[in-house]
Structures are given as C-alpha cells and as structure tokens.
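Novice: One predicted model, sequence on top.
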Amino acid sequence: MLNAAGFKCAACGDTEETLHVHHKHYKKGCQAWEYSDSELVVLCDCCHQNEHESIDLIKNLAGSIPAQHRSDLISILAGIAFATTGDNRLTDNPSICPLMLMSGMVAIKCNELDLTGIGNLTNFLKVEIEKSITRKSINNPGVRS
C-alpha cells in the first residue's frame with residue numbers, strides 16, 4: 001500500500017512524517033488484510049490524527065440527532081458522497097429521502113461553484129430541480145414529480 005502510494009500522504013503529499021495505512025471504514029470481523037485497496041488510504045501522522053478526529057466528531061454529531069431524523073442524515077451524507085466521489089450505492093435505496101439526498105449534493109455544488117448570493121443559488125437550484133424532474137419523466141413515462 002505504501003509503495004503504491006509513492007510513500008506519500010494522500011491528503012497533504014508529505015513524504016517526511018511517519019505514514020499510516022488508514023482504513024476508510026471498518027467491517028465487523030474482518031482482518032486487516034481482508035480489505036481492498038480502495039478501502040484504504042495512506043496518511044501521514046498529522047492527517048491520520050485529523051481523520052480520526054473528524055470521524056469522531058461525525059459520530060458524536062450523529063449520536064446527538066434524534067432517532068427519527070437519522071435517516072435524513074444518512075440521505076444527506078449519501079448526497080455528499082455522490083456529489084464528491086460519484087458513489088451512488090445509496091442513491092436508489094428506498095430508505096433514502098430524495099430531498100435530503102439533493103440537499104447534500106447541493107451543499108457540495110454550492111461550495112464548488114462558489115454560489116454566493118441568493119440569486120445565484122436560486123438559479124442553480126431551479127436548473128438542478130428541472131433536470132431531476134426531466135430525468136424522472138424519462139425514466140417513468142407518464143409520471144410527473
């Protein structure tokens with residue numbers, strides 16, 4: 001893994017600090033060698049610590065959300081994952097709320113496009129909603145959302 005990463009941190013490019021092979025997620029009962037390369041990333045000591053602190057913060061925030069709203073959080077995170085990586089494993093899941101999925105995607109796109117000002121944001125949302133409606137009508141003829 002270290003060799004494939006060129007012995008540098010995937011987050012900051014550092015080649016001097018101690019490097020760690022970080023598991024992006026853990027699978028219950030799996031041994032370290034049972035993970036695919038796509039589930040691992042090489043991080044320097046500092047970035048590895050920051051990664052774990054971020055994950056802990058996400059877990060703490062998720063734990064503070066009332067149970068009835070956790071599916072909304074999952075939907076928003078699925079939208080962010082889709083917008084940033086193209087990972088669509090959850091986008092067609094029936095438990096995913098389309099509106100929350102879209103809000104996660106929109107949050108990322110607003111950042112990327114630097115949509116400052118309500119006019120820019122409103123125009124962007126209008127176009128994205130129209131695209132979504134068009135896709136649904138093409139996929140489901142006779143049904144208009």
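Specialist: Arrived safely, thanks for sending. Numbering: from 1, shown residues only.
Novice: Could you check how far Gly63 is from Asn50?
Specialist: Counting by C-beta to C-beta, to the nearest Å, the gap between Gly63 and Asn50 amounts to 20 Å. (Glycine included, C-beta is placed from N, CA and C.)
Novice: Looking at those two, which one has more neighbours?
Specialist: A count of neighbours by other C-beta atoms under 10 Å puts Asn50 above the other of Gly63 and Asn50, at 14 against 8.
Novice: so is the more buried one in a helix, a strand, or just coil?
Specialist: Secondary structure for Asn50, judged by DSSP: H, G, I helix; E, B strand; the rest coil, is helix.
Novice: Surely Val106 is within a helix?
Specialist: Yes: checked against three-state DSSP, Val106 lies within a helix.
Novice: What's the local residue count around it?
Specialist: 20.
Novice: what does Ala5 give?
Specialist: Using other C-beta under 10 Å, Ala5 is surrounded by 16 other residues.
Novice: With Asp92 instead?
Specialist: For Asp92, the count of nearby residues is 8 (other C-beta under 10 Å).
Novice: Would you mind measuring from Gly104 to Glu39?
Specialist: Per C-beta to C-beta, Gly104 is found 22 Å from Glu39.
Novice: Good, wrapping up.
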